[in-house]
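Participant: fold the following for me, if possible:
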Amino acid sequence: IARFNELREGVTKKYFDDMKGPEVEERPIIMTSFMNFTPDDSPVYEACASYDILKKFLDEQLVSHNETNAVMELVLFQQAMEHVCRIARIISLPRGNAML
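Facilitator: Below you'll find the model as predicted:
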């Protein structure tokens, strides 16, 4: 593992020399296009800062959905939230698909 970390750090420095190591390797890397919109209602595809922010947003959307549709009692754990982000990205793309 030590050798892997040396190689990873070397590649990071080589290809991301304008950025700091912790900035490049920051986790989680969760990209969403459903949390923010431009003034003309176009979605902004950007990184979500943390799972807590994503969970709060998804919980709010779930409550909103449950008010007008059949109730879905979902448990949003970390992997479930990641899958929601992936599925949302696939659905938003023209001819988007996923090999399952």
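Participant: which residue, other than its chain neighbours, is closest to the spatially most central residue of the chain?
Facilitator: The residue lying closest to the centre of the chain (C-alpha atoms, centre = their mean) is residue 30, at 2.3 Å. Sequence neighbours aside, residue 48 is the residue nearest to residue 30 in space, at 4.3 Å (criterion: C-beta to C-beta, 6 or more residues apart in numbering). In this view, the C-beta of every residue, glycine as well, is placed from N, C-alpha and C.
Participant: please enumerate the strands of the chain.
Facilitator: Secondary structure of the chain, counting by DSSP state E: strands at 30-32, 46-48.
Participant: model confidence over the first one, on average?
Facilitator: Looking back up the chat, that one is strand 30-32. For strand 30-32, the mean pLDDT works out to 90.
Participant: contact partners for residue 86?
Facilitator: residue 98 (C-beta atoms under 8 Å, 6 or more residues apart in numbering).
Participant: what separates it from residue 46, distance-wise?
Facilitator: The spacing between residue 86 and residue 46, counted by C-beta to C-beta, to the nearest Å, is 16 Å.
Participant: then residue 89?
Facilitator: Distance of residue 89 to residue 46, computed by C-beta to C-beta: 12 Å.
Participant: name the residues contacting each of these two.
Facilitator: Residues touching both residue 89 and residue 46 (C-beta under 8 Å, 6+ apart): 31-33.
Participant: highest neighbour count among the residues you listed?
Facilitator: residue 32 (21 neighbours; other C-beta atoms under 10 Å).
Participant: thinking again about what came up before, higher neighbour count, residue 89 and residue 46?
Facilitator: A direct count of neighbours by other C-beta under 10 Å for residue 89 and residue 46 places residue 89 higher, at 16 against 12.
Participant: can you name the residues that contact the more buried one?
Facilitator: By C-beta under 8 Å, 6+ apart, the contact set of residue 89 is 31-33, 96.
Participant: try 7 Å
Facilitator: Residues in contact with residue 89 (C-beta atoms under 7 Å, 6 or more residues apart in numbering) are residue 33.
Participant: local confidence estimate at residue 68?
Facilitator: 94.
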